[in-house]
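Undergrad: predicted structure and sequence below. I'll ask about it afterward.
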Amino acid sequence: MTSRQRVLAVFEHQLPDRVPMWCGASQEFWDKCKTQLQLDDEGLRRRFHDDFRRVLARYAGPPMVLQHKDAVSRTIFGVERHGMGYGQPLDHPLAGASLQQVHDYPWPDPDWMDISHIRSEAAAWAGQYAILGGDWSPFFHDAIDLMGMEGLYLAMFDHPEVVDAMMTHMVDYYAAVSRRVFDAAADVIDVFFIANDLGSMTGPLLSAEMFKRFILPHTRRLIELGHDYGLYVQMHCCGGFAELIPLLVEAGLDALHSVQPSCRGMDLRALKTLFGDRIVFNGAIDSHRVLIDGTPETVIRDTREVLDIMMGGGGYIGGASHDTILEQTPVENVLAMFDTLEDYGVYEKA
């Protein structure tokens with residue numbers, strides 16, 4: 001099987017020749033690997049047996065001039081951030097906003113994203129790999145940035161119409177960007193990859209009822225957008241959010257990434273039993289503890305245990321339980337994970 005055939009078989013809940021793999025990594029970890037293994041980008045993807053390739057739109061709008069002296073980045077919705085990694089917002093420009101202030105906010109123009117290269121980049125893989133595309137669309141994170149977490153939760157009770165309007169403006173933007181990508185290249189893309197972190201170490205960040213009221217309608221809108229273009233839809237979500245998975249399955253989501261077994265409620269055996277025939281799980285190999293703190297021997301043991309639970313009947317893609325492997329992770333542990341998936345994740349021929 002080619003990588004693309006392998007991945008598509010899993011999304012169809014059919015058995016491939018082996019478990020497909022996907023590697024998401026921080027730029028710092030990626031650069032460390034390239035130096036340590038003396039490989040270029042494509043050589044490293046192949047060394048990790050990665051069955052996916054990804055195409056992304058590029059920002060080409062007005063220059064983003066940082067206003068705050070401590071800011072290191074600015075989101076598409078105008079929130080400046082500082083600190084390590086993704087950083088934290090320096091302010092919340094829609095905290096306490098009225099409905100009119102939300103409508104009057106300077107929302108971005110979808111035409112600011114350059115999609116002119118997407119088709120040629122995706123087509124260059126000539127059907128060998130499964131192609132991830134579309135906008136990441138993390139509108140729940142953006143809502144927290146714009147209002148502050150406490151302010152957002154209070155507004156859900158006190159001014160739900162304000163939250164609805166803000167969410168709609170954001171998802172209007174994200175949907176428009178992805179629609180432009182898919183109009184140009186849906187025939188060479190396989191999976192619409194979206195994201196929202198809905199869980200913490202101890203459970204969901206909002207109740208099932210609040211999720212259903214404020215988040216699910218917009219998530220369903222993105223899922224239906226992908227399906228309208230004939231694409232599978234995969235959502236990245238950190239943390240423990242088991243209580244929300246039935247609602248995501250019901251909404252038609254095809255795959256969940258990255259499945260953190262160290263979080264409350266994310267017992268792999270239970271997830272596989274309850275949902276394994278209806279949704280694909282991607283990830284689940286513990287990057288929180290095993291990949292960072294373990295040794296190649298413990299990584300091999302944990303990876304084999306995850307495969308024993310998750311690969312039965314198909315519907316599983318192997319990889320780390322986080323969207324990006326962090327710089328602190330030993331390269332030899334990640335090699336041990338992917339090589340074990342390659343060697344031990346093989347399906348017997350019928």
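TA: Happy to help now that I have it. Model, not experiment: these values are computed from the prediction.
Undergrad: from here on, contacts and neighbour counts on C-alpha atoms
TA: Will do.
Undergrad: can you map out the helices along the stretch 51-200 of the chain?
TA: 99-104, 118-123, 139-147, 149-158, 160-185 (DSSP state H, counting those that start in this stretch).
Undergrad: now tabulate those in a markdown table and tack on mean neighbour count.
TA: Putting those into a markdown table (neighbours: other C-alpha atoms under 10 Å) gives the following:
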| stretch | mean neighbour count |
| --- | --- |
| helix 99-104 | 14 |
| helix 118-123 | 19 |
| helix 139-147 | 21 |
| helix 149-158 | 16 |
| helix 160-185 | 20 |
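Undergrad: for Pro89, find the nearest of those.
TA: Comparing the helices of the stretch 51-200 of the chain by their distance to Pro89 (C-alpha to C-alpha), the top pick is helix 139-147, with 6.1 Å.
Undergrad: and for that closest one, what's in contact with it?
TA: Outside helix 139-147, the residues that touch it by C-alpha atoms under 8 Å, 6 or more residues apart in numbering are 77, 79, 89, 91-96, 152, 166-167, 170-171, 196-198, 215.
Undergrad: if you set the cut-off to 7 Å instead, what comes out?
TA: Here helix 139-147 makes contact (C-alpha atoms under 7 Å, 6 or more residues apart in numbering) with Val79, Pro89, His92, Pro93, Leu94, Ala95, Leu152, Met167, Met170, Val171, Asn196.
Undergrad: out of those residues, which is nearest to Leu244?
TA: Within the contacts of helix 139-147, the smallest distance to Leu244 is 12.3 Å, found for Asn196 (C-alpha to C-alpha).
Undergrad: so what's the closest one closest to, chain neighbours aside?
TA: Pro138 (4.8 Å; C-alpha to C-alpha, 6 or more residues apart in numbering).
Undergrad: give me the neighbour count for the one you found.
TA: 19 (other C-alpha atoms under 10 Å).
Undergrad: check Met1 too.
TA: 11.
Undergrad: who touches it in this structure?
TA: Met1 makes contacts with Asp17, as judged by C-alpha under 7 Å, 6+ apart.
Undergrad: in the stretch 151-300 of the chain, which spans are strands?
TA: 191-195, 199-200, 203-204, 232-237, 255-258, 280-285 (DSSP state E, counting those that start in this stretch).
Undergrad: make JSON lines out of the helices of the stretch 51-200 of the chain and add mean pLDDT and distance to Tyr344.
TA: Shown next, in JSON lines, are the helices of the stretch 51-200 of the chain (pLDDT from 0 to 100; distance: least, C-alpha to C-alpha, whole Å):
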{"stretch": "helix 99-104", "mean pLDDT": "98", "distance to Tyr344": "52"}
{"stretch": "helix 118-123", "mean pLDDT": "97", "distance to Tyr344": "30"}
{"stretch": "helix 139-147", "mean pLDDT": "97", "distance to Tyr344": "37"}
{"stretch": "helix 149-158", "mean pLDDT": "98", "distance to Tyr344": "43"}
{"stretch": "helix 160-185", "mean pLDDT": "98", "distance to Tyr344": "35"}
